[in-house]
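Student: sequence and predicted structure, then a few things I'm wondering about:
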Amino acid sequence: MAIFVRENNHSKDCRMQQYIQENKERFYEELFSLLRIPSISAKPEHKADMRRCAERLVALLKEAGVDQAAVYDTAGHPVVYGYKDIGAPKTILVYGHYDVQPPEPLEKWRTDPFEPVIAADPATGEEAIYARGANDDKGQLFMHLKAFEHEVRAGLLHHNVKFIFEGEEEIGSPSLPAWVEAHKDMLKADVILVSDTTMLSDKVPSINCGMRGLAYLEVQVTGPNKDLHSGHYGGAVANPINVLCELIASLHDEKGRVAIPGFYDKVVELSTEDRAMLSRAPFDLKEYKEFLDIDDVRGEEGYTTLERTGIRPCLDVCGIWGGYTGTGAKTVLPSMAHAKISMRLVPNQRSSEITALFQQHFKAIAPKCVKVEVTPCEGGNGFLIPITSEAYKAASRAMAEVYGIEPVPSRGGGSIAILADMQTILGTDPLLMGFGLERDTIHSPNESYLLRQLWAGMRSLALFYKYF
């Protein structure tokens, strides 16, 4: 594994470091003002909170030094847009999202998810901010505000900068593609700069060169027209839960591959050279298993764990329910069973095509004793960016200076569906400079963000402005 270490020359970003030290308490207050707003896009009862969070971001953008910022209505939750035009030849478009995942289960949180606190990590003792959105994505979004603010106030800004913050990323960004299409002239830029991803390791930084797409569906299997007594009908009438389990079990073959005809038709096999380059990323399987408290990993035969989560597609059941699940026994044969199914897709696989393939296959394999419905929920395509681009090289140089070691290219296993849409509509590549770590437990209870990563992110982004 070739990792190239550079001398950590703090003199190049000492002004940003000093700015952080001088304004740290103000930064906490401003970030916490965002984290306290329960901007949960998935819940209609938080519609007013969504607008309140958008308006707070407009205020922070204006304080940071933009020429203009405003809240824009969409078919769903509002978009925040702001810009600073200095007449420069190049323009950076910063993307982020201010919506967050629901905090449930609340009993698993050690602190109030919407009352941010700075506390020691129970495992390492390092200080971190604990709150929903601390990392995903309010904390990482906030780094961009402060890096930009520093460049403006220090008189170092030499790019035009635009900001677009959306409120629907956690529900698949259903309204944003149309808004971007309608405002594409306003959003023209040379790079879409994003911090909404996770580094492979806190030992060696990484830059995401691409992310997987998503096709998410809900299936319903219906048997008899009502719940039945399992003694009177069991063994004679199909149990929808049993049938659903059989159908789901058939969706993978013995080698861990998805067993849907045509699923892999457009999957591009990476060359030996490309796989070797991606394998530079540090990975300790023993630590991985210990972190997850599992005895072994499992996945598609012939690929490493990192390849399974980055360059290969997959299918997973995200939820399954039916019948009686309360306390005690109820001898019932249920009328219906349900499941939510997620398929992560690699570039060239189209979400709409994979959704159609799944619908066709799932209905075709269902036995006549049940009826099957498949309902698409959300989806989006994946994307790749070249590591030879000027933007990637600038990001690599900036992070190497802050971390003292050359970042490695990686592939993100998750999805930010809107970035593929923006890449297509605007003709501009996204660049993912994410500073989260796996220990941050985004989407789960006790989400947090290490302070050292918050500050390192600000420093790296300020240097990106310098080198791009």
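Tutor: Right, received. Where do you want to start?
Student: the bottom helix or strand of the protein by mean pLDDT?
Tutor: helix 272-278 (a mean of 80; mean pLDDT, DSSP states H and E).
Student: can I get that helix as PDB, trimmed to CA atoms?
Tutor: The C-alpha trace of helix 272-278 is given here as PDB (Å, rounded to 0.1, in the frame of the first residue of the first chain):
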ATOM      1  CA  THR A 272      -7.000  -4.800 -11.900                       C
ATOM      2  CA  GLU A 273      -5.100  -1.400 -11.900                       C
ATOM      3  CA  ASP A 274      -8.200   0.500 -10.700                       C
ATOM      4  CA  ARG A 275      -8.900  -2.000  -7.900                       C
ATOM      5  CA  ALA A 276      -5.200  -1.800  -6.800                       C
ATOM      6  CA  MET A 277      -5.500   2.000  -6.600                       C
ATOM      7  CA  LEU A 278      -8.600   1.800  -4.500                       C
END
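Student: show me what counts as buried in it.
Tutor: Burial within helix 272-278, assessed by neighbour count using 16 or more other Cβ atoms under 10 Å, is assigned to M277, L278. (C-beta placed from N, C-alpha, C; glycine too.)
Student: go on, stretch 203-212?
Tutor: V204, P205, S206, I207, N208, C209, G210, M211, R212.
Student: just checking, what packs against the strand or helix carrying the fifth one?
Tutor: Which is N208. Using DSSP states H and E, N208 falls within strand 206-211. When contacts are defined as 3 or more Cβ pairs under 8 Å, 6 or more residues apart in numbering; DSSP states H and E, strand 206-211 sits against strand 383-384, helix 390-403, strand 408-412, strand 430-432.
Student: ok now the top helix by length along the chain, how far from the chain's centre?
Tutor: The longest helix of the chain (DSSP state H) is helix 14-35. Computed by Cα atoms, centre = their mean, to the nearest Å, the chain-centroid distance of helix 14-35 equals 25 Å.
Student: cool, stretch 151-170 as well?
Tutor: On Cα atoms, centre = their mean, the centre of stretch 151-170 falls 20 Å from the chain's centre.
Student: can you give me the end-to-end span of it?
Tutor: 30 Å (Cα to Cα, to the nearest Å).
Student: next one: stretch 287-304
Tutor: 15 Å.
Student: again, but for stretch 359-374
Tutor: By Cα to Cα, one end of stretch 359-374 lies 6 Å from the other end.
Student: nearest to V71, of the buried residues of stretch 203-212?
Tutor: Taking Cβ to Cβ as the measure, V71 lies nearest M211 of these, at 27.4 Å.
Student: still on that earlier bit, out of the buried residues of stretch 203-212, what pair is the most spread apart?
Tutor: Across the buried residues of stretch 203-212 (Cβ to Cβ), the longest gap, 21.7 Å, separates V204 and R212.
Student: C-terminal to the least confident helix or strand of the chain, what's the next element?
Tutor: Next along from helix 272-278, by DSSP H and E: helix 285-292.
Student: circling back to that earlier point, could you dump the buried residues of stretch 203-212 to a markdown table with pLDDT?
Tutor: Shown next, in a markdown table, are those (pLDDT from 0 to 100):
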| residue | pLDDT |
| --- | --- |
| V204 | 81 |
| P205 | 90 |
| S206 | 91 |
| I207 | 93 |
| N208 | 89 |
| C209 | 86 |
| G210 | 87 |
| M211 | 89 |
| R212 | 91 |
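Student: residue ranges of the helices in this protein, please?
Tutor: Applying DSSP H to the chain gives helices spanning 14-35, 47-64, 138-153, 176-182, 230-233, 240-249, 272-278, 285-292, 305-310, 351-365, 390-403, 417-426, 451-467.
Student: any idea which of the helices and strands packed on strand 206-211 is most buried?
Tutor: Of the helices and strands packed on strand 206-211, the one with the most neighbours on average (mean count of other Cβ atoms under 10 Å) is strand 430-432, at a mean of 25.
Student: just checking, what packs against that one?
Tutor: Using 3+ Cβ pairs under 8 Å, 6+ apart, strand 430-432 is in contact with strand 191-194, strand 206-211, helix 390-403, helix 417-426.
Student: which residues touch the longest one?
Tutor: Around helix 390-403, the neighbours that count as contacts under Cβ atoms under 8 Å, 6 or more residues apart in numbering are 6, 8-9, 12-13, 190-191, 193, 204-205, 207, 209, 385-386, 406-407, 409, 429, 431, 433, 456, 459-464, 466-468.
Student: kindly recompute the last result at 7 Å.
Tutor: 6, 9, 12-13, 191, 205, 207, 385, 406-407, 431, 433, 456, 459-460, 463-464, 467-468 (Cβ atoms under 7 Å, 6 or more residues apart in numbering).
Student: equivalent analysis for the shortest one, please.
Tutor: Strand 191-194 is touched from outside by 92-95, 391, 419, 422, 428-433, with contacts defined as Cβ under 7 Å, 6+ apart.
Student: given that strand, what are its sheet partners and their directions?
Tutor: The strands beside strand 191-194 in its sheet (DSSP bridges) come out as strand 91-97 (parallel), strand 430-432 (parallel).
Student: per-residue confidence averaged over the last one?
Tutor: This points to strand 430-432. The average of the pLDDT scores along strand 430-432 is 95.
Student: show me how far that strand is from its chain's centre.
Tutor: 13 Å.
Student: related to what we said a few turns ago, list the buried residues of the longest helix of the chain.
Tutor: Result for helix 14-35 [16+ other Cβ under 10 Å]: buried residues M16, Y19, I20, F27, E30, L31, F32, L34, L35.
Student: same thing with stretch 296-306?
Tutor: G299, E300, Y303, T304, L306.
Student: out of those residues, which two sit at the greatest distance?
Tutor: Farthest pair in the buried residues of stretch 296-306, by Cβ to Cβ: E300 and L306, 12.4 Å.
Student: re earlier: which of the contacts of helix 390-403 are buried?
Tutor: The buried subset of these - by 16+ other Cβ under 10 Å - is 12-13, 191, 205, 207, 385, 406-407, 431, 433, 456, 459-460, 463-464, 468.
Student: right, and out of those residues, which lies closest to P445?
Tutor: Once Cβ to Cβ is applied, the member of the buried ones among the contacts of helix 390-403 that ends up nearest P445 is A456, at 25.1 Å.
Student: what's the distance between the closest residue to that closest one other than its chain neighbours and F27?
Tutor: Once flanking residues are discounted, A456 sits nearest to V402: 5.4 Å by Cβ to Cβ, 6 or more residues apart in numbering. Applying Cβ to Cβ, to the nearest Å, the value for V402 to F27 is 17 Å.
Student: good, wrapping up.
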